[in-house]
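**Q** Quick one: sequence plus predicted model below, questions after.
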Amino acid sequence: MVVGLFGQSCVGKTTLGAALCADLDIRLRSCGELIRDEARQLGVAVADLPDTLHHAVDAATREWLVTSREGIVEGRYLNYVLAASIVRPRLIHLTAPDDVRQKRWQVRAGHACSVEDLRAVDELDTALVKRLYTEQIPLPPEYTVDTSTMSVPDCVHEIRRWMES
């Protein structure tokens, strides 16, 4: 089985994806990491990455989904990316309130940031989705997990319980 995790920044997609993969001994495909790699190779900011490269990563992700029998794929707007896929993963929407996301972002970045900074990132994501996926109707999630009140192991347990049901 392939499971897709999507949601805004700092809701735990990569952290939970890695923990689930370790727990289940399966592979992780991190769309955000692939996009950051493309930007690093070109020497540009992620926001300046050409749309063609976003589409190339998306196409490769859909192909990965076709060829993978099991794994975790995660990305902020995976529900749009995979809407064009012939294979559908079990899709989980991860959420967390802005104050929790902001604290996580500060830990990850190693410096102070505000909720307004986080909302600016969300607005950039919304603009990118509108630009890249105007024709796509997003896939609905099968399950939603609020990651703000549970530990990573508890979230993994909750998702595994759902996967096995």
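**A** Yep, it's here.

**Q** beta partners for the residue positioned nearest the centre of the chain?
**A** Centroid check for the chain by Cα atoms, centre = their mean gives residue 75 as the closest residue, at 2.0 Å. With DSSP bridges applied, residue 75 shows beta-bridge pairing to residue 6.

**Q** ditto for residue 28
**A** Residue 28 has the following beta-bridge partners by DSSP bridges: residue 72.

**Q** Does it touch residue 21 like I think?
**A** Yes - using Cβ atoms under 8 Å, residue 28 is in contact with residue 21, at 4.4 Å. Where C-beta positions appear, they are placed from N, C-alpha and C, glycine not excepted.

**Q** list the contacts for the residue nearest to the centre of the chain?
**A** Shown in contact with residue 75 (Cβ atoms under 8 Å, 6 or more residues apart in numbering): 4-6, 13, 30-32, 61, 81.

**Q** got it, and residue 105?
**A** Residue 105 makes contact with 9-10, 113, 117-118, according to Cβ under 8 Å, 6+ apart.

**Q** Nearest to residue 157 among these?
**A** Of all those, residue 10 has the smallest distance to residue 157: 21.2 Å, by Cβ to Cβ.

**Q** Are we agreed that the closest one is in a helix?
**A** No - with DSSP: H, G, I helix; E, B strand; the rest coil as the criterion, residue 10 is coil rather than part of a helix.

**Q** give me phi/psi at it?
**A** For residue 10, the backbone dihedrals (degrees, to the nearest 10) come out as phi 70, psi 30.

**Q** mind listing the strands for the protein?
**A** All strands of the chain, identified by DSSP state E, fall at 2-6, 28-30, 71-75, 90-95, 143-146.

**Q** Quick check: buried residues in the last one?
**A** Think strand 143-146. Residues of strand 143-146 classed as buried by neighbour count (16 or more other Cβ atoms under 10 Å): 145-146.
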